[in-house]
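Structure, please.
(2 chains)
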2 protein chains.
Amino acid sequence: MIVLRPIGVVRSAEANPPRHWSISEVEGELDIQSRYREALTDIQAGERIVVLFAFHKSPRFGRRHLRQVPPTRNEPRGVFSTCSPLRPNPLGLTVVEVLSVQGARLRVRGLDMLDGTPILDIKPYKD
Amino acid sequence: MIVLRPIGVVRSAEANPPRHWSISEVEGELDIQSRYREALTDIQAGERIVVLFAFHKSPRFGRRHLRQVPPTRNEPRGVFSTCSPLRPNPLGLTVVEVLSVQGARLRVRGLDMLDGTPILDIKPYKD
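This is a model prediction of the structure:
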């Protein structure tokens, strides 16, 4: 069992974000807890970053969700070949562009998460 | 608090894997629990997949780890700009190439994880 604690939360005014970051122009904020501010030191405007987050609204995963029909297809796919929010571990991955950094708040473009989504990690897009 | 359960485990004979998947040619297996076999249905040889995993050997994260000196640099960087295994939530991300699929075992190339690493999720590299 692995226990995680959010490092921050997504702030977004978009009620219906696109289903995937690669087609998203939605802007909003990654509101990171102030105790992690120093960990954000080297993140700069113009950079792309990977954001790992929790699908906090997903119902409990069950056997009937092993294969699902993605919105862009007509037939079921194994869930590990989809980006469905309903997966064995409710982990999401998004790549966003950093627009600005103010303290522990990152203004970003490319959100596909809901407002209030718990953020778990930030990684460089390329190392 | 978000509680995750491994979906499988990394099998690898390489005791000293490279520090990043982008420079790894290490082959091994993703040994996924048989109850998730159906969720692997559409993963095929030749494909690249994203693997999310737990850094299960990392010590507890503390304030002194907010900035760390990466092995490839001479100065400290904010941990969210590094791929250090020592991070607020011990989540790792690797992209591997699928060599073959046998039941719920995926033979892959490009591992940077240790043998026994708990696997948390598999996602398509491009959706």
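
does A:Ile49 count as helix, strand or coil?
strand (DSSP: H, G, I helix; E, B strand; the rest coil).

contacting residues around it?
Applying C-beta atoms under 8 Å, 6 or more residues apart in numbering or on different chains to A:Ile49 gives the contacts A:43, A:95-96, A:98, A:106, A:108, A:122-125, B:80. Every residue, glycine included, has its C-beta placed from N, CA and C.

The same query, at a cut-off of 10 Å, please.
A:30, A:40, A:43, A:94-98, A:106, A:108, A:110, A:122-125, B:80-81 (C-beta atoms under 10 Å, 6 or more residues apart in numbering or on different chains).

how about low-confidence regions in chain A?
For chain A, applying pLDDT under 70 flags the ranges A:127.

Strands of that one, start to end?
Remark: strands assigned in chain A by DSSP state E are A:2-4, A:8-11, A:27-32, A:48-54, A:67-68, A:77-78, A:91-102, A:105-109, A:118-124.

what's around A:Glu38, how many residues?
A:Glu38 sits with 16 neighbouring residues when counted by other C-beta atoms under 10 Å in any protein chain shown.

any idea how far chain B is from it?
4 Å (C-beta to the nearest C-beta, to the nearest Å).

Setting aside sequence neighbours, what's the nearest residue to that residue?
B:Leu66 (4.1 Å; C-beta to C-beta, 6 or more residues apart in numbering or on different chains).

Mind putting the strands of chain A into TSV with distance to B:Asp115?
Below are the strands of chain A laid out as TSV (distance: least, C-beta to C-beta, whole Å):
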stretch	distance to B:Asp115
strand A:2-4	18
strand A:8-11	33
strand A:27-32	33
strand A:48-54	23
strand A:67-68	30
strand A:77-78	25
strand A:91-102	22
strand A:105-109	36
strand A:118-124	23
